[in-house]
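Engineer: Need coordinates for the below:
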Amino acid sequence: MPNGPRPWSWVRGGHWHDYSIKLAGGAAGIFRGAHVSPAHMAQLPLLVSAYGGAVHVRGMGVGPLTDSAARAAVNLTGRLARTITVRDQESAGLLEPMSEAWPAAVEVSPDVVYGLPLPAPGTGTVPEGLPDRYLAVNLRPWSDHPDRRRDLHTILLDTARDHGLAIVGVPMQATDEAALRDLVATAEASGSGVAVTVVPAGIDLPGFLEVLRGAEALVAMRLHANLLMHRLRRPAVGLVYDPKVGSHFAELGRSGYALELTAAGAGLRDALDRVLREGELPPATGSLVDGLEERARGELDRLTETLASDPLRIPDPAWVRYPAPAAKKPPPKAPAAAKAPATSETTATSETTAPSRPRQPAWRRAVRRIYRGVRRQLR
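Structural biologist: Numbering: from 1, shown residues only. The predicted structure is shown next:
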């Protein structure tokens, strides 16, 4: 490694929206040690910038973003970023007018998942016990009404029964499993006769893709479940719990297959019947996917070249060398009654016991683990 300081880059992707930043305490959560969603905030961009590194925002989704504190947190990251790309025009519009004052212009480019290489067919391990013909379903926890959730379950079960299909739940995160187990419980309680199984949330990407390839169609809330199904040139119906899902279907000319979660009813059944008749994506849609994949790969190549042009510098975060001081204890209250004198044993314990240190935020502990791992690799 050459001597002297060297630039350090940080690449941020994901989603900027009100609810995660609100959970983290708004913009003030940056300074209060927020335990929730630090990646949505500006702690890491601030750290990288303090050490002279470059911040790159790539393939970001935006919205809803109306809360003033959430916009303030996003505005700070935007002011620190060297490059910024968002995944659709709607996201770019939601960043205005504050983005006009940012050093880097906001560009629109395809979701980065379009550019990732996918494992070849047949390379993944399929979970045992999958049925021969099935409808793949992805659901996630959301704040919809229980009655509406049951209505959704009924439509899925009726559709699968009428088409002679089983249902296979495909969680993308561990939190999705509970929502899919609810579908299993509904199937058992209703006596629909439809077999519903759920694959493990920890399944690897090759196995996950094999499950999608084997499905007749997919019904999904998660954006990237729908996107991956489309990359496999297989049909999907999106449940729009967030605008990003509808935007994805719109860019493929498939808006008729994206149903608002709050209004999914007869329209959902009609969309499911249509995709099950299709079997494959139309050639025109496949061509659009081809173009998005090519553009996304080009964006990733460009980002790689940018990062490669800046040699790596490993930072030395202050909290590694200078741990946070122990919290001050409030002064003791006056005793209500005289206490027995301390024994020599208790006196020795109090003199040798170190004061407890307050538990640090989860994001700070995670960065410390990463930092220590990098230091070990460089030894």
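Engineer: Okay, buried residues for the host helix or strand of Ala92 please.
Structural biologist: According to DSSP states H and E, Ala92 maps onto helix 89-94. Judged by neighbour count (16 or more other CB atoms under 10 Å), helix 89-94 contains these buried residues: 90-92, 94. (Each C-beta comes from the backbone N, C-alpha and C, glycine too.)
Engineer: quick one: which of those is nearest Leu272?
Structural biologist: Of all those, Leu272 sits closest to Glu90, with 26.0 Å by CB to CB.
Engineer: just to revisit the earlier point, and the buried residues of helix 89-94 as CSV, adding distance to Ser190 and pLDDT?
Structural biologist: Shown next, in CSV, are the buried residues of helix 89-94 (distance: CB to CB, whole Å; pLDDT from 0 to 100):
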residue, distance to Ser190, pLDDT
Glu90, 38, 87
Ser91, 40, 91
Ala92, 45, 94
Leu94, 41, 94
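Engineer: Return the member of these nearest to Val112.
Structural biologist: Distances from Val112 to the buried residues of helix 89-94, taken by CB to CB, are shortest for Ser91, at 13.3 Å.
Engineer: Kindly confirm my reading that Gly238 forms part of a strand.
Structural biologist: Yes: assessed with DSSP: H, G, I helix; E, B strand; the rest coil, Gly238 lies in a strand.
Engineer: Spatially nearest residue to it, not counting backbone neighbours?
Structural biologist: Leaving aside its sequence neighbours, Gly238 sits nearest to Ala258 (CB to CB, 6 or more residues apart in numbering; 4.1 Å).
Engineer: That neighbour is in contact with Asp242, isn't it?
Structural biologist: No: if you go by CB atoms under 8 Å, Ala258 and Asp242 don't touch, sitting 11.1 Å apart.
Engineer: Which residues are in contact with the residue lying closest to Ala73 once chain neighbours are set aside?
Structural biologist: Of all residues not flanking Ala73 in the chain, Ala27 sits nearest, at 4.5 Å (CB to CB, 6+ apart). Shown in contact with Ala27 (CB atoms under 8 Å, 6 or more residues apart in numbering): 21, 41, 69-70, 72-73, 76.
Engineer: What's the local residue count around Tyr51?
Structural biologist: Counted with other CB atoms under 10 Å, residues neighbouring Tyr51 total 15.
Engineer: What are the phi and psi values at it?
Structural biologist: Tyr51 adopts backbone torsions of phi -90, psi 10, taken as degrees, to the nearest 10.
Engineer: ok, it to Pro45 distance?
Structural biologist: 11 Å (CB to CB, to the nearest Å).
Engineer: again, but for Arg71
Structural biologist: Applying CB to CB, the value for Arg71 to Pro45 is 16 Å.
Engineer: neighbour count winner among these two?
Structural biologist: Pro45 (23 against 20).
Engineer: I figured the more buried one was touching Gly53, is that so?
Structural biologist: No: in this structure, Pro45 is not within contact of Gly53 by CB under 8 Å, at 9.2 Å.
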